[in-house]
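Colleague: Got a sequence here, can you model it:
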Amino acid sequence: MSPAPLVLLLVAQSAAAPEPVRPKPPTGLSWEDADHVAETVARIERRVKAGKPASARPITLSDKQLNSYVALTLGPELPPVISGVSIRFEPDRFAANGMLDLDAVRSKLPTSGPGSLLAFVSGTVPVALKGRFQGADGLGRVEVEEALVAGFSLPPAVLSQIVAQATRTTKQPQGFDLLAPFPLPWTARSIKLEPGRALIGFSQKPSR
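Modeller: A predicted model of the protein is given here:
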């Protein structure tokens, strides 16, 4: 067989090959929503690399779409001590839930005060967080109003220490500082939270 027909045959076989079967997503999540966010992020990154504004218009993402993306697409990249992350958007507020491997962050647990009760708890425990969020001028700010770990209420400063410990990576050895202002994702200039969705605004100046 000559090279040209052989190449065509290989291409045809590749096109006919079935796509890998994806696992069924947990209740409330969908691959369609995860793919929508992934495609949006990829489009933004292409525009930024081309020196264009990240998006020509504001983008709206629902909390369901974001939760699907985090769980199904980003899951393998998340710190192993955190799992089952779920976020709900409210007007300028948020509520987040997840599971935390308490043993992995035990060195950051308080030895006195209300948080010292966690010394009697081990394993993977539920975490619940409520607070306010402000996203403007390219920076995000979180104001923690309620933090529960294994059912125990923790001061925001203690929770911040635990989050920093849980999110340490080689690129970010200090972890994520929950209480400090942070750059908004995807070069966004503003994020406004509404019931069930986030409105993301971008600068219309070319990206550098």
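Colleague: just the strands in the protein please.
Modeller: For the chain, the strands defined by DSSP state E cover 59-62, 82-90, 93-101, 124-136, 139-149, 152-153, 182-183, 188-194, 197-202.
Colleague: pLDDT averaged over the first one, what's the number?
Modeller: I take that to be strand 59-62. Strand 59-62 carries an average pLDDT of 96.
Colleague: list the helices and strands it packs on?
Modeller: Identification of packing neighbours for strand 59-62 by 3 or more CB pairs under 8 Å, 6 or more residues apart in numbering; DSSP states H and E yields helix 31-49, strand 197-202. The way it works is simple: take the backbone N, C-alpha and C, and place the C-beta from them, glycine included.
Colleague: Which elements pack onto the first one?
Modeller: When you say that, I think you mean helix 31-49. Helix 31-49 is packed against strand 59-62, helix 63-68, with contacts defined by 3+ CB pairs under 8 Å, 6+ apart.
Colleague: Residue nearest the middle of this structure, spatially speaking?
Modeller: Centroid-nearest residue in the chain, with CA atoms, centre = their mean: Val70, separated by 5.2 Å.
Colleague: Touching, it and Val85? I think so.
Modeller: Yes. Assessed by CB atoms under 8 Å, Val70 is found in contact with Val85 at 5.5 Å.
Colleague: tell me, what's touching the two both at once?
Modeller: Leu78 (CB atoms under 8 Å, 6 or more residues apart in numbering).
Colleague: where in this protein is pLDDT low?
Modeller: Residues of the chain meeting the criterion pLDDT under 70: 1-19, 110, 114-115, 206-208.
Colleague: would you list the strands of the chain in TSV and tack on mean neighbour count?
Modeller: Below are those laid out as TSV (neighbours: other CB atoms under 10 Å):
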stretch	mean neighbour count
strand 59-62	16
strand 82-90	17
strand 93-101	17
strand 124-136	17
strand 139-149	17
strand 152-153	14
strand 182-183	12
strand 188-194	19
strand 197-202	19
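Colleague: Switch those over to TSV; also include distance to Leu109.
Modeller: Below are the strands of the chain laid out as TSV (distance: least, CB to CB, whole Å):
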stretch	distance to Leu109
strand 59-62	34
strand 82-90	16
strand 93-101	11
strand 124-136	12
strand 139-149	9
strand 152-153	11
strand 182-183	24
strand 188-194	30
strand 197-202	32
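Colleague: ok so, going back, out of the helices and strands packed on helix 31-49, flag the one nearest Thr187.
Modeller: For those, the distance to Thr187 is smallest for strand 59-62, at 11.8 Å, taking CB to CB.
Colleague: contacting residues around that closest one?
Modeller: Outside strand 59-62, the residues that reach it (CB under 8 Å, 6+ apart) are 33, 37, 40, 89, 196-200, 202.
Colleague: residues in contact with Leu199?
Modeller: Shown in contact with Leu199 (CB under 8 Å, 6+ apart): 58-60, 190-193.
Colleague: With that, I have no additional questions.
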